[in-house]
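Trainee: Pasting the sequence and the predicted model now:
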Amino acid sequence: MVWMIGGFISVALGSVLGAVARYFVSGFVARRAGETFPYGTLLINVSGAFVIGIFGDLAQDNASLFAEPDPWLFAVTGFLGAYTTVSSFSLQTLSLARDGEGTRAALYIVLSVALSLMAAWLGFVLVDALR
Amino acid sequence: MTASKTTSNRRATAILYACVAAGGVLGSLARYIAALLIPVVSGFPWPTLFVNITGSFIIGFYATLSGPDGRLFAGTRQRQFVMTGFCGGYTTFSSFSLETVRLLRVGEARTALLYIGISVVTWLVAVWLGHVLAARLNRLKGS
């Protein structure tokens, strides 16, 4: 049971930081770039994907910190899980489509998926190159 | 702007951050529990797909139900708690990305493409369904 409580605490601590970071970044980007396109959520999801690629590759090494359960739960399940979001992505896509901005909605879908996957891939490539 | 107004603005902002943080913790713990309960069958990331579909449904439903024409009266704090906090913490784009890249790196390109396609389509259908259902509820007579 104790290992489970430790896991819950790790996820909770990481997620407080991740959710607050997302709220800060999305507000910051919206004030600078405007709200006609969800640049904030796009930046959050792409940057989160890049970092998860790095951590995901590091975790393959058993000597790595991220191969341990609690650091992984804190940094990945907690922080990155709360930092990145699918729900806002879905709602923003629906809003664009309902406002008759079909092209922007399609662009947002393609950019979000393509850039996030490329960023995660890049994270792996970077760690592999430094090994 | 007077000093007292600045202080009250700061206080309001701090409360919104607290709402987002509290919702984010609850959503993230719910996602963690879902991952502990839902098995990964034949290498397909069902737990992440599940939270992303249900989270998209909840945000679509709640946003419309608590929107301008909605029958649920909700202030900014409650909306930030539920949408930015809970739904944002519950769903995850980073795990989706990691799982897809891992599938690609072990040569499971077909499963990866299937995962991408199923994910994007079901997330968007779910948010739309949530919106449509709430819009119907909003149009019902009476309160």
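Mentor: That came in fine, so what should we check first?
Trainee: Now do the residue nearest to A:Asp61 when sequence neighbours are not counted against B:Ala12, distance only.
Mentor: Take A:Asp61 and drop its neighbours on the chain: the residue closest to it by CB to CB, 6 or more residues apart in numbering or on different chains is A:Ala67, 6.5 Å away. Glycine gets a C-beta too; all of them are placed from N, C-alpha and C. Remark: distance between A:Ala67 and B:Ala12 (CB to CB, to the nearest Å) = 43 Å.
Trainee: Please, which helix or strand holds B:Ile118?
Mentor: helix B:109-139 (DSSP states H and E).
Trainee: so what's residue 39 scoring on pLDDT?
Mentor: Defaulting to chain A. Here, the pLDDT recorded for A:Tyr39 equals 98.
Trainee: my bad, the chain I had in mind was chain B
Mentor: For B:Pro39, the predicted pLDDT is 91.
Trainee: Now do the SS call for it.
Mentor: What DSSP: H, G, I helix; E, B strand; the rest coil gives for B:Pro39 is coil.
Trainee: number of nearby residues for the nearest residue to B:Thr111 once chain neighbours are set aside?
Mentor: Among residues not flanking B:Thr111 along the chain, B:Leu103 sits closest, at 5.2 Å (CB to CB, 6+ apart). Per other CB atoms under 10 Å in any protein chain shown, the neighbour tally for B:Leu103 reads 21.
Trainee: One more: A:Arg98?
Mentor: By the measure other CB under 10 Å, the count of residues near A:Arg98 is 12.
Trainee: about what we covered before: helix or strand: which one has the residue nearest to B:Thr111?
Mentor: Per DSSP H and E: helix B:93-105 holds B:Leu103.
Trainee: export that helix as CSV, just CAs?
Mentor: Only the C-alpha atoms of helix B:93-105 are listed here, as CSV (Å, rounded to 0.1, in the frame of the first residue of the first chain):
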residue,chain,number,x,y,z
PHE,B,93,-1.3,15.0,-25.4
SER,B,94,2.2,14.2,-24.2
SER,B,95,1.4,10.5,-23.4
PHE,B,96,-0.3,10.2,-26.8
SER,B,97,2.8,11.5,-28.5
LEU,B,98,5.1,9.2,-26.5
GLU,B,99,3.0,6.1,-27.1
THR,B,100,2.9,6.8,-30.9
VAL,B,101,6.6,7.4,-31.2
ARG,B,102,7.3,4.2,-29.1
LEU,B,103,5.1,2.2,-31.5
LEU,B,104,6.9,3.7,-34.5
ARG,B,105,10.4,2.9,-33.0
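Trainee: other SSEs contacting it?
Mentor: Contacts defined by 3 or more CB pairs under 8 Å, 6 or more residues apart in numbering or on different chains; DSSP states H and E place helix B:93-105 against helix A:39-58, helix A:81-83, helix A:102-130, helix B:46-65, helix B:109-139.
Trainee: what is the orientation angle of the third one with helix B:109-139?
Mentor: Angular relation of helix A:102-130 and helix B:109-139 on a 0 to 180 degree scale: 140 degrees, by axes from the mean of the first three to the mean of the last three CA atoms, to 10 degrees.
Trainee: buried ones in helix A:102-130?
Mentor: Within helix A:102-130, the residues that count as buried by 16 or more other CB atoms under 10 Å in any protein chain shown are A:104-105, A:108-109, A:111-113, A:115-121, A:123-124, A:127.
Trainee: out of everything not next to it in sequence, what's closest to A:Tyr83?
Mentor: Using CB to CB, 6+ apart, the closest residue to A:Tyr83 is A:Gly18 (3.7 Å).
Trainee: what's the answer for B:Thr92, then?
Mentor: Spatial nearest neighbour of B:Thr92, chain neighbours left out: A:Gly81 (4.4 Å); criterion: CB to CB, 6+ apart.
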